[in-house]
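In: need a structure here:
(one chain, ligands or ions: 1)
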Amino acid sequence: MTTPAYKRVLLKLSGEALMGDDAYGINRATIERMVADVAEISKLGVELAIVIGGGNIFRGVAPGAQGMDRATADYMGMLATVMNSLALADAMRQAGLTARVMSAIGIEQVVEPYVRPKALQYLEEGKIVVFAAGTGNPFFTTDTAAALRGSEIGAQIVLKATKVDGVYTADPKKDPSATRYQSISFDEAIAKHLQVMDATAFALCRDQKLPIKVFSIVKPGALKSVVMGDDEGTLVHV
Ligand code: UDP
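Out: As a prediction, the model looks like this:
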């Protein structure tokens, strides 16, 4: 079958996913490969919104921010997500995709502000929307931004791209007998103390009955498999 399992999805990419094997920043080959994956699902007609993190550039709770006022450090983190969003949108443009970046904090000379009806219009027009600056509030994360924007745009699922190909019974790096969950309920994940997204993001998805799919960003073709509804990664369901 060639019909995607979802009509509208919210893809959460961590900033670190842009680093590739580098220690920080944006790796050109990595971002281009990521955009190729995105292009594949966009061609399937899936409406796609992306929230990208900023951890490859700045993290509010990182050692580099020690001694800083937390809110100030978090605003720097949000600005880092704007840089990543611009880089991602530009790479998409070069690949022939049409993307729009919308920021949760006002920096109109650089990026247009987030306005929900406009974001919905862009999605309906088949444009890829990149939500920059997280939630626009300190003390939150881009995981929470993904849950929030995913809920707002009526996404059918949040696709959380990670370095690991799903949620495991234990840390696969420490315990070789760990196995991947094909699917798990929100309640089961809580009872088993499994870390899927940060607690605020997880609670919001659970309240909104918005499923999460955890899958590998490094595995070629994984994003397409997820969108096609294949057994890829771990589905967290209500
Ligand atoms: N951040 C924030 N509010 C938000 C989203 C992000 O304050 O709504 C800040 C926070 O300092 C965080 C940084 O931006 O550490 C980068 O975001 P995140 O850590 O979620 O990025 P990722 O780990 O996905 O790369």
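
In: please confirm that residue 213 is located within a strand.
Out: Yes. Assessed by DSSP: H, G, I helix; E, B strand; the rest coil, residue 213 belongs to a strand.

In: give me the beta-bridge partners of it?
Out: residue 159, residue 235 (DSSP bridges).

In: and it, what pLDDT?
Out: According to the prediction, residue 213 has pLDDT 98.

In: okay, now it: neighbour count?
Out: Look at residue 213: counted by other Cβ atoms under 10 Å, it has 24 neighbours. Any C-beta I mention is one placed from the backbone N, CA and C, and that applies to glycine too.

In: what sits against it?
Out: By Cβ atoms under 8 Å, 6 or more residues apart in numbering, the contact list for residue 213 reads 157, 158, 159, 160, 226, 232, 233, 234, 235, 236.

In: any idea how far residue 178 is from residue 188?
Out: Residue 178 sits 16 Å away from residue 188 when distances are taken as Cβ to Cβ, to the nearest Å.

In: which residue is the nearest non-sequential neighbour of the residue nearest the centre of the chain?
Out: Nearest residue to the geometric centre of the chain (Cα atoms, centre = their mean): residue 12, 0.6 Å. Take residue 12 and drop its neighbours on the chain: the residue closest to it by Cβ to Cβ, 6 or more residues apart in numbering is residue 146, 3.8 Å away.

In: how about that neighbour, what does it touch?
Out: By Cβ under 8 Å, 6+ apart, the contact set of residue 146 is 10, 12, 51, 158, 160, 197, 201.

In: and it, helix, strand or coil?
Out: Per three-state DSSP, residue 146 ends up helix.

In: and residue 52, how many residues sit next to it?
Out: 33.

In: no no, residue 207
Out: 11.

In: what sits up against the helix or strand containing it?
Out: Using DSSP states H and E, residue 207 falls within helix 199-208. With contacts defined as Cβ under 8 Å, 6+ apart, helix 199-208 is touched by 140-141, 143-144, 146-148, 150-151, 158, 186, 189-190, 196-197, 210-212, 236, 238.
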